[in-house]
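J.: I would like to see how this sequence folds:
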Amino acid sequence: MSEETVNIAEIFEMMPARFDKEAAEGIEAIYQFELTGQGGGTYHVRIEGGGCNVVEGPADNPTITITMQASDYVDLIHGRLNAQMAFMGGKLKIKGDMSLALKMQQVFPNL
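T.: This is a model prediction of the structure:
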């Protein structure tokens, strides 16, 4: 599948297959993604007990909430947007445990 055809739903569908159980050891968290604009949506990813579960829709009590434009999130996933630069430029907003955001790349390598 060409990266240009990947949409938000497909990215979240791929997450469990790209989940690194060893990198997630000791993490018990709910990551909520609020992706705005065309093709966006709200998803949450529950990491607990060495597993990863992705659900479309909001969580009751997320540990961390990541908010950004859906198109920017696709660019971030494909390496066209640097997460640190997106955060500093206001394109990526994080509410909650910042250390969890820093662990995303290790927990979901090759996403």
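J.: What does the pLDDT read for the residue positioned nearest the centre of the chain?
T.: Geometric centre of the chain, nearest residue: residue 33, 6.0 Å, by CA atoms, centre = their mean. For residue 33, the pLDDT comes out at 98.
J.: got any ranges where the protein has weak pLDDT?
T.: Counting by pLDDT under 70, the chain shows low-confidence ranges at 1-6.
J.: re the thing from before, what's the spacing between the residue nearest to the centre of the chain and residue 56?
T.: Distance from residue 33 to residue 56, counting by CB to CB, to the nearest Å: 10 Å. The way it works is simple: take the backbone N, C-alpha and C, and place the C-beta from them, glycine included.
J.: Name all residues that sit in contact with these two at the same time.
T.: When contacts are counted by CB atoms under 8 Å, 6 or more residues apart in numbering, residue 33 and residue 56 have 12, 42, 43 as shared neighbours.
J.: Restricted to helices, list those residues.
T.: residue 12 (DSSP state H).
J.: and the shared contacts of residue 33 and residue 56 as TSV, adding neighbour count and distance to residue 99?
T.: Shown next, in TSV, are those (neighbours: other CB atoms under 10 Å; distance: CB to CB, whole Å):
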residue	neighbour count	distance to residue 99
12	19	22
42	16	22
43	22	21
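J.: of all the shared contacts of residue 33 and residue 56, which comes closest to residue 79?
T.: The shortest approach to residue 79 among the shared contacts of residue 33 and residue 56 belongs to residue 12, at 17.9 Å (CB to CB).
J.: Please report the distance of that closest one from residue 41.
T.: Using CB to CB, we find residue 12 at a distance of 9 Å from residue 41.
J.: and residue 78, how far is that from residue 99?
T.: For residue 78, the distance to residue 99 - CB to CB - is 25 Å.
J.: These two - which one has more neighbours?
T.: Counted by other CB atoms under 10 Å, residue 78 and residue 99 do not tie: residue 78 has more neighbours, with 13 against 10.
J.: Spell out which residues are contacts of both of residue 12 and residue 41.
T.: Listed as contacting both residue 12 and residue 41 by CB under 8 Å, 6+ apart are residue 56.
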